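Participant: Quick one: sequence plus predicted model below, questions after.
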Amino acid sequence: MVQSVKEKIVGYIRAGYPGMWLQTAEEARAERLVREAAAAIGDIQGQDALKVYCWSLTEGFHGCPNGMNGEAPGKPGGALSALKSTEGKHIPEDSVVVLKDFHPFFQDEGITRTVRDLLASAKQRGQFIVFVSPVLSADPQRANLRPEIEKDLVVLELPLPDADEFGLILTDLLDGSPKLKAQGAKVFGVSRESVLDGLSGLTATEGENVLSLTIVRHGAFTPDALKTIHREKALALKKSGLLRYKETDKTVDDVGGLDVLKEWFKSRMVGFTKEAREAGMPYPKGVLLVGVQGCGKSLAAEAVAAMFQVPLIEGSIGDVMDGLVGGSERKMREMLATADAIGKCVLRLDEFEKMAAGMESSGRTDGGTVSRVLKDFLTWLNDRKSPVFVVATVNRLDALPAEIVRKGRFDDIFFVDLPNAGERQEIVRIHLKRNRQDPEQFAVDKLAEATAGFSGAEIEQAIIGARFRSFSAKRGLTTQDILNDVTGTKPLSVTMKEQIDAVRERLKHVAKAASSPDPKVTASLSAAQMGGRKIRG
C-alpha cells in the first residue's frame, strides 16, 4: 500500500500539481516517503534527487543542505515567505517542501491567503508543497479542508504499514542485535509471517516498539512472544477507541451444537490459504447470525477466530458516532481502514440491528449522519479485498434494512435457534466441565429433557446457580440441584413465545438453519419443544 502512495506522490509532482495534504499522524514515515519519491523522480529524470525541505513550528526548517536549518521556528508566515522569496535564505526552485502540523494556522485568513498565492505560482517555480497533518482542519465545526484551498490541494491518507514494511523494520532490528543475528533462522519459533501478521493494524512506530519489547522479554519469536505481540496490539487499538482486541480462550469445542454452522466455517477456512490466493479465490466476507438471544451467536465468533487462528476484533457503531460535522464519517473510515490494515482477523459486530436502527429516519433525525455512516460500512462490506471475516449477530432480522441483508454483503445468513435435545446434552456437558464437574456423574439426558425450550445461556446459568447453592451448603453438586434451579426458571421461549415464534416464521425462507434437525424429535412434539425444528426440514 505504501508503495502505491509513493507512486501517486511521484505522479503528482511530475504532473506539476502545486501541493498535497498528506493525512497521517506518522510524520517521520511521511517524510521518509516524500524523500523516497523525490529520489525516484531524480532516477526517472536521470539527475540528482529533488531537494526536500521540512519545517515544523518548534524546529523551523531542518534537513536542509543550504544552511537553512533552524530558520523560521515559531513563524508559519516566515516559513511561507521562504518559499517565495528570492533574497537572503530562501527555498530554491525545483524542490519539495514539507510543512508539518500546519492545520491550526489556516484559521488565520492571512495565512490562508498566502498559501493560495503560493499554490497559484508553485508550478512555475517547480515547487511542490506537502502539508503533513493527522487532521484536515483545526476547526471543531469542520472535518474537511477550508473551502478556499480544498480545490488547490490533492488529499491523500497514508495507510498503515503492510507486511513488507514491517518486514524491513524487523530485519533492521535483527541486524542491529549481534546475539539475534547469530541465531539466524533459529530466532523464529513461529513463522516470520505470523509475527508480521501480528503487527498489522499498528503504525510503524508502534510496530517497532512492540518488536523491541518482544525481543527484550523473550529473546526470540516464540509462541509466547506472539501472544505478547497480540496483547500489545490490543493496547494500541484501545487508544483509538474504534476497535477492541478480544482475548479469548474459547474454541469450537466450547460451542454446543450448531453443527451445520461449524461445517460452513470449516469450508471457509480454505479461503485464507496460500493455495486459495494462487487459485484466484476471493477472501470469505463473513456471516450474519440471527436468532434467539443466548443461543451462541457471539460465542460462535470467538470459536471461528480460534478455528481460523486469527485475532478477534470487536467494533460498534456507537464508537464512531461523533457530534462534530463529518466526524462520524471520518471515524468510520478510520475504523474500516484499521480493520483492513489488521488483515487476517474476525471482526465481531454484536447486536448489529442496533447499528442500523434509525437508518431509514436518519435524514429527519440527525441530518443523515447514521445513513451516511452505514452506507460507507455497507460499501466496504461489499467491495473490500482484505481478509477481514465479519461476524454480525442479530436478534431481530426485521429490524435490518433490505440493503443490509441482500446477497453480496455477507456470504450467508444463518438462523441460530433454541438448542434441540441432542444439543442440550452437549451444552450441559460443556458447562459442567467449565464448572469443574465430571459429566459422567450427572444424569445428562435427564437434564437435557428438563431444559427443553432453554437457550444455551439459560442452561449455563442454571448450572452456575445450582453450584452456588451447593457450595454454600458445603456439599457437592448433584443432578437434583440443577433440576431444582431449572424448575424455578421461566425461559425466554415461554416469556417471549409469540415473539420467538414470529421470528422463526419470518426466517424459515431467509436464513439457513445453523443446526441439523434432531432425529430423536418426533412429529408429535410441539413447536416449542422441537426448538423450531419445523423450519429446518
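Facilitator: It's in. Numbering: from 1, shown residues only.
Participant: From now on I want contacts and neighbour counts done on CA atoms only, so please keep to that.
Facilitator: Will do.
Participant: so Val96, which of the three states?
Facilitator: strand (DSSP: H, G, I helix; E, B strand; the rest coil).
Participant: for it, what are its contacts?
Facilitator: Ala38, Leu50, Lys51, Val52, Tyr53, Gln127, Phe128, Ile129, Val130 (CA atoms under 8 Å, 6 or more residues apart in numbering).
Participant: Shouldn't the last one be within a helix?
Facilitator: No. Read with three-state DSSP, Val130 is strand and lies in no helix.
Participant: lowest confidence element among the helices and strands of the chain?
Facilitator: Using mean pLDDT, DSSP states H and E, the weakest-scoring helix or strand in the chain turns out to be helix 527-530, at a mean of 40.
Participant: between the contacts of Val96, which is nearest Arg277?
Facilitator: Ala38 (34.1 Å; CA to CA).
Participant: what separates whatever helix or strand the closest one lives in from the chain centre, distance-wise?
Facilitator: Taking DSSP states H and E as the definition, Ala38 sits inside helix 27-45. Chain-centre distance of helix 27-45: 30 Å, with CA atoms, centre = their mean, to the nearest Å.
Participant: So what angle separates the directions of the following helix or strand past that helix and helix 27-45?
Facilitator: Scanning forward in sequence from helix 27-45 by DSSP H and E, the next helix or strand is strand 51-56. Relative orientation of strand 51-56 versus helix 27-45 (axes from the mean of the first three to the mean of the last three CA atoms, to 10 degrees): 160 degrees.
Participant: Against which helices or strands is strand 51-56 packed?
Facilitator: helix 27-45, strand 60-62, strand 95-100 (3 or more CA pairs under 8 Å, 6 or more residues apart in numbering; DSSP states H and E).
Participant: contact partners of that strand?
Facilitator: The contact list for strand 51-56, computed with CA under 8 Å, 6+ apart, reads 34-35, 38, 60-64, 73-74, 79, 91, 94-101.
Participant: 6 Å instead, please
Facilitator: Strand 51-56 is contacted by residues Phe61, His62, Cys64, Ser95, Val96, Val97, Val98, Leu99, Lys100 when judged by CA atoms under 6 Å, 6 or more residues apart in numbering.
Participant: Can you pick out the most distant pair from these?
Facilitator: Taking CA to CA, no two of those sit farther apart than Ser95 and Lys100, at 16.3 Å.
Participant: ok, the closest residue to Asp94 other than its chain neighbours to Glu206 distance?
Facilitator: Residue nearest to Asp94 in three dimensions, not counting chain neighbours: Gly126, with 4.3 Å by CA to CA, 6 or more residues apart in numbering. Gly126 is 36 Å from Glu206, where distance means CA to CA, to the nearest Å.
Participant: Helix or strand: which one has the most centrally placed residue in the chain?
Facilitator: The structure's the chain has its C-alpha centroid closest to Ala339; by CA atoms, centre = their mean the separation is 2.7 Å. Following DSSP H and E, one finds Ala339 within helix 327-342.
Participant: Quick check: what element follows that helix along the chain?
Facilitator: Criterion used, DSSP H and E; the element after helix 327-342 is strand 345-349.
Participant: which regions of the stretch 251-400 of the chain lie under the pLDDT threshold?
Facilitator: Residue ranges of the stretch 251-400 of the chain with pLDDT under 70: 317-318, 321-327, 355-368, 399.
Participant: For it, which segments count as strands?
Facilitator: Using DSSP state E, counting those that start in this stretch, the strands of the stretch 251-400 of the chain run over 286-291, 312-315, 345-349, 388-394.
Participant: Need these in TSV (columns: distance to Ile9).
Facilitator: What follows is the strands of the stretch 251-400 of the chain, written out as TSV (distance: least, CA to CA, whole Å):
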stretch	distance to Ile9
strand 286-291	35
strand 312-315	33
strand 345-349	31
strand 388-394	28
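Participant: Relative to Lys262, which of those strands is closest?
Facilitator: Per CA to CA, nearest to Lys262 of the strands of the stretch 251-400 of the chain: strand 286-291, 11.9 Å.
Participant: partner strands of the closest one, parallel or antiparallel?
Facilitator: The pairing partners recorded for strand 286-291 under DSSP bridges are strand 388-394 (parallel), strand 412-416 (parallel).
Participant: And it, how far out from the chain middle?
Facilitator: When distances are taken as CA atoms, centre = their mean, strand 286-291 is centred 18 Å away from the chain's centroid.
Participant: What of stretch 126-136?
Facilitator: For stretch 126-136, the separation from the chain centroid amounts to 28 Å (computed by CA atoms, centre = their mean).
Participant: what's the average pLDDT for it?
Facilitator: For stretch 126-136, mean pLDDT is 90.
Participant: Show residues contacting it.
Facilitator: Applying CA under 6 Å, 6+ apart, the external contacts of stretch 126-136 come out as 18-25, 93-101, 144-145.
Participant: Select only the buried ones of these in ChimeraX?
Facilitator: Applying 16 or more other CA atoms under 10 Å to those, the buried members can be selected in ChimeraX as follows:
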select :18,19,20,21,22,23,24,93,94,95,96,97,98,99,100,101,144,145
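Participant: so Ala514 touches Leu258, yeah?
Facilitator: Yes. Between Ala514 and Leu258 there is a contact at 5.1 Å, judged by CA atoms under 6 Å.
Participant: could I get stretch 99-119 in CSV with only the CA atoms?
Facilitator: Output of stretch 99-119 as CSV, limited to C-alpha atoms (Å, rounded to 0.1, in the frame of the first residue of the first chain):
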residue,chain,number,x,y,z
LEU,A,99,5.1,21.6,6.3
LYS,A,100,4.2,19.7,9.4
ASP,A,101,1.0,20.3,11.5
PHE,A,102,0.0,23.4,9.6
HIS,A,103,-3.7,22.9,10.0
PRO,A,104,-4.1,25.3,13.0
PHE,A,105,-2.7,28.2,11.0
PHE,A,106,-5.4,28.1,8.4
GLN,A,107,-7.8,29.8,10.9
ASP,A,108,-5.7,32.9,10.1
GLU,A,109,-7.1,34.5,7.0
GLY,A,110,-3.7,36.0,6.1
ILE,A,111,-2.0,32.6,6.2
THR,A,112,-4.8,31.1,4.1
ARG,A,113,-4.4,33.9,1.5
THR,A,114,-0.6,33.5,1.4
VAL,A,115,-0.9,29.7,0.9
ARG,A,116,-3.3,30.3,-2.0
ASP,A,117,-0.9,32.7,-3.6
LEU,A,118,1.9,30.3,-3.2
LEU,A,119,0.0,27.4,-4.7
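Participant: which one is Leu397 nearest to, not counting chain neighbours?
Facilitator: That would be Val290: by CA to CA, 6+ apart, it lies 6.5 Å from Leu397.
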